[in-house]
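Student: Pasted the sequence and its predicted model underneath.
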Amino acid sequence: MAQTAPSPCSGSKQGADKPCPAPSTPPPSAAQQFPFPGEANPPTAPAPNAPKPSADADHPVPTESPDMPGASSSSSSSSSSSGSGSDYTPDANRSTRRKLPKAEKLETPDQRVDEDLRVAKFYLDRENYLAAYMRSQDAVKTEPDYAPTHFSLAQAAQKMKKLDEAKAEYNAYLKLSPDGDDAKAARKALEELR
């Protein structure tokens with residue numbers, strides 16, 4: 001009687017003709033596979049079936065420029081620039097710029113609300129009521145105590161035939177700013193909605 005070879009998936013009920021399931025390990029992230037040259041963590045070994053990294057990964061750009069022929073290593077103020085008297089050398093500043101973090105667009109809640117209201121008016125004027133409604137909703141969520149956000153949302157809701165919401169938003173506007181710039185328009189709209 002011939003014995004069959006043990007299945008490579010020992011302990012499983014699979015037959016010898018079925019392949020074993022692959023182990024479930026998450027693949028390494030791109031940052032782990034290809035870190036920026038000069039980072040402290042060396043790259044981990046890629047998986048055997050992973051694609052070979054490009055030549056750029058094998059041969060990264062150096063962070064410091066090599067000395068140019070005829071350039072002295074001391075920092076002298078003599079330069080061949082157009083007489084500006086500056087010690088600026090592009091190669092010396094290159095590594096400094098590379099290390100700076102990316103600039104983030106800083107936006108205060110007031111700036112965001114102003115932009116939302118401006119965009120909502122733009123869409124309302126072009127009869128894209130859904131876009132105006134959504135931008136107005138964002139403005140109300142950001143600054144719920146700012147009356148113009150409620151007026152903008154009320155206008156968009158009214159155009160979309162969301163009459164109960166439009167009434168509530170016009171009333172919220174009048175509660176926050178009874179003598180505001182749009183108070184007369186809000187009262188008129190409420191009369192029309194009754």
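Tutor: Received, thanks. Numbering: from 1, shown residues only.
Student: same for the lengthiest helix in the chain, what does it pack against?
Tutor: The longest helix of the chain (DSSP state H) is helix 109-125. Here helix 109-125 is seen to pack against helix 129-142, helix 147-159 when contacts are counted using 3 or more Cβ pairs under 8 Å, 6 or more residues apart in numbering; DSSP states H and E. (Glycine included, C-beta is placed from N, CA and C.)
Student: what does the longest one contact?
Tutor: Spelled out, it's helix 129-142. The contact list for helix 129-142, computed with Cβ atoms under 8 Å, 6 or more residues apart in numbering, reads 109, 112-113, 116-117, 119-124, 146, 149-150, 152-153, 155-157, 159-160, 169.
Student: how about a cut-off of 7 Å?
Tutor: 109, 112-113, 116-117, 119-120, 123-124, 149-150, 152-153, 156-157, 159-160 (Cβ atoms under 7 Å, 6 or more residues apart in numbering).
Student: Next, the angle helix 147-159 makes with it.
Tutor: Angle between the axes of helix 129-142 and helix 147-159 is 150 degrees (criterion: axes from the mean of the first three to the mean of the last three Cα atoms, to 10 degrees).
Student: re the thing from before, please save the CA atoms from the longest helix of the chain in PDB.
Tutor: Taking C-alpha atoms only, helix 109-125 is exported to PDB below (Å, rounded to 0.1, in the frame of the first residue of the first chain):
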ATOM      1  CA  PRO A 109     -13.200  79.000  10.000                       C
ATOM      2  CA  ASP A 110     -14.200  82.600   9.000                       C
ATOM      3  CA  GLN A 111     -12.200  82.300   5.800                       C
ATOM      4  CA  ARG A 112     -13.800  78.900   5.100                       C
ATOM      5  CA  VAL A 113     -17.300  80.200   5.700                       C
ATOM      6  CA  ASP A 114     -16.700  83.300   3.500                       C
ATOM      7  CA  GLU A 115     -15.500  81.000   0.700                       C
ATOM      8  CA  ASP A 116     -18.500  78.700   1.200                       C
ATOM      9  CA  LEU A 117     -21.000  81.600   1.000                       C
ATOM     10  CA  ARG A 118     -19.200  83.100  -2.100                       C
ATOM     11  CA  VAL A 119     -19.300  79.700  -3.900                       C
ATOM     12  CA  ALA A 120     -22.900  79.100  -2.800                       C
ATOM     13  CA  LYS A 121     -24.000  82.400  -4.300                       C
ATOM     14  CA  PHE A 122     -22.100  81.500  -7.500                       C
ATOM     15  CA  TYR A 123     -24.000  78.200  -7.800                       C
ATOM     16  CA  LEU A 124     -27.300  79.800  -6.900                       C
ATOM     17  CA  ASP A 125     -26.900  82.400  -9.600                       C
END
